[in-house]
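J.: Have a look at this prediction, sequence included:
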Amino acid sequence: MRIINKKIKIETKGAGDLLDITADVADALKGSGLRQGSVTVFVIGSTAAITTFEYEPGMIKDMRDLCEKLVPSGRRYNHDETWNDANGFSHLRAALFGSSLTIPFEESRLSLGTWQQVVLAEFDTRPRRREIVAQIMGE
Amino acid sequence: MRIINKKIKIETKGAGDLLDITADVADALKGSGLRQGSVTVFVIGSTAAITTFEYEPGMIKDMRDLCEKLVPSGRRYNHDETWNDANGFSHLRAALFGSSLTIPFEESRLSLGTWQQVVLAEFDTRPRRREIVAQIMGE
Amino acid sequence: MRIINKKIKIETKGAGDLLDITADVADALKGSGLRQGSVTVFVIGSTAAITTFEYEPGMIKDMRDLCEKLVPSGRRYNHDETWNDANGFSHLRAALFGSSLTIPFEESRLSLGTWQQVVLAEFDTRPRRREIVAQIMGE
């Protein structure tokens, strides 16, 4: 039984940037040499989230539309008054979608569906350099 | 410390089918003989989710209503244009509710509340044969 | 490789009470003496959730507003008819935000961002005594 921590570092373009990190997670797993266990994918920071969906242009637009509908960006939030900034919506979206995801793997392969990609959702208003922990626990 | 992977296979009836899989997860745990650790429940595929709620007919209706309100099924999504199908809403609901859940266990019992069931939420438009990984890690 | 289960017990004030439990989780980790691994934070019960956000008064208000918008409290749900109570909205919010969160740690420190706190979201209509499992798995 071993634990291996990999950092995935990614530059984002700000709000609405949805990035497929499946290959990064799979590479971290491959590098570990482990055969069965699970990978916890955790994004550090409170204005981004980790989720899964079919990563194709139509769905990316739909996700942006859904976020805009559930938590609109074009208004003031109480959080914006606290720091005099404008990313209250970013924090709320992050809290809603969640910062962690745990994916089992068997025979050194992630148990993902064919159309199920691991996605970093950037919700902040400006480009960010993100650090994601891919923690592999297994044997 | 051991890792045991169990596959839970379930036939669903399509969108809005919410299935209580608590007994399946508990059976997998019982079969493992392990006393403490955690079970990661992960649904393979991008049009279903894993969540917890009190599994009773009123709540099941409420969950369907909530999904319909947050992500309506009766309209076209950009994803539908990509494949010329109609399950854009299914993907969005799955991304929102999430595909994984990690439940600790002690003395061979899941640390769930009395009214807290583990639920597979089928969001796809058609009946599916679902595979859920119950990965038990513990001692 | 070891597994340590800590119970965090907290009194809440009912619906809309959002409590920062980061220090409790960090204390559980410190007490374990482990250096790397992950902590699974799981709330027992179906009317509360675990999430992360920047814990400050403006954001707390925003979270309450968002919950009210997505799942309003001032109406009847089918669940309310089942038990003749009024916490249907509590269950729905809990299912949406989720009951578990897994946070990696390295060099005995949780991999959280500076503004990323672990929050217990109480959604029930009355004060509750909550039990949260902080399960530490690591070495």
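T.: Looks like it arrived, so ask away.
J.: Identify the residues contacting the lowest-mean-pLDDT helix or strand in chain A?
T.: For chain A, scoring each helix and strand by mean pLDDT, DSSP states H and E identifies helix A:78-83 as the least confident one, at a mean of 88. Counting contacts by Cβ atoms under 8 Å, 6 or more residues apart in numbering or on different chains, the residues outside helix A:78-83 that touch it are A:Ala86, A:Asn87, A:Gly88, A:His91, C:Glu54, C:Glu56, C:Pro57, C:Gly58, C:Met59, C:Lys61, C:Asp62, C:Asp65. Yep, even glycine has a C-beta here, placed from its N, CA and C like the rest.
J.: chain center to that helix: distance?
T.: Counting by Cα atoms, centre = their mean, to the nearest Å, helix A:78-83 is centred 24 Å from the centre of its parent chain.
J.: Kindly format the C-alpha coordinates of that helix as PDB.
T.: The C-alpha trace of helix A:78-83 is given here as PDB (Å, rounded to 0.1, in the frame of the first residue of the first chain):
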ATOM      1  CA  ASN A  78     -22.300  40.400  -0.500                       C
ATOM      2  CA  HIS A  79     -18.900  38.800  -0.800                       C
ATOM      3  CA  ASP A  80     -18.000  41.500  -3.400                       C
ATOM      4  CA  GLU A  81     -18.500  44.200  -0.800                       C
ATOM      5  CA  THR A  82     -16.100  42.400   1.700                       C
ATOM      6  CA  TRP A  83     -13.100  42.700  -0.600                       C
END
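J.: Can you name the next helix or strand after it?
T.: Proceeding N to C from helix A:78-83, the next assigned helix or strand is helix A:88-97, under DSSP states H and E.
J.: okay, the angle between the top helix by length along chain A and helix B:57-70?
T.: With DSSP state H applied, the helix covering the greatest number of residues in chain A is identified as helix A:57-70. Between the axis of helix A:57-70 and that of helix B:57-70 there is an angle of 110 degrees, by axes from the mean of the first three to the mean of the last three Cα atoms, to 10 degrees.
J.: I'd like the average pLDDT over helix A:57-70.
T.: The predicted model gives helix A:57-70 an average pLDDT of 97.
J.: in it, what's buried?
T.: Judged by neighbour count using 16 or more other Cβ atoms under 10 Å in any protein chain shown, the buried positions of helix A:57-70 are A:Gly58, A:Met59, A:Ile60, A:Lys61, A:Asp62, A:Met63, A:Arg64, A:Leu66, A:Cys67, A:Leu70.
J.: Look up which residues are beta-bridged to A:Leu110.
T.: The residues paired with A:Leu110 through beta bridges, assigned by DSSP bridges, are A:Phe105.
J.: residues contacting it?
T.: Taking Cβ under 8 Å, 6+ apart, we find A:Leu110 in contact with A:Thr22, A:Val25, A:Ala26, A:Leu29, A:Val39, A:Ile103, A:Pro104.
J.: Quick check: the gap between the residue of chain A most remote from its centre and A:Ala15.
T.: With Cα atoms, centre = their mean as the measure, chain A has its most outlying C-alpha, relative to the mean C-alpha position, at A:Glu81: 26.8 Å. Computed as Cβ to Cβ, to the nearest Å, the A:Glu81 to A:Ala15 distance reads 19 Å.
J.: now swap in A:Ile60 and tell me
T.: If you measure A:Ile60 against A:Ala15 using Cβ to Cβ, the figure is 13 Å.
J.: before we move on, what about A:Arg128?
T.: For A:Arg128, the distance to A:Ala15 under the criterion Cβ to Cβ works out to 10 Å.
J.: more neighbours, these two?
T.: When neighbours are counted by other Cβ atoms under 10 Å in any protein chain shown, A:Ala15 comes out ahead of the other of A:Arg128 and A:Ala15, with 22 against 18.
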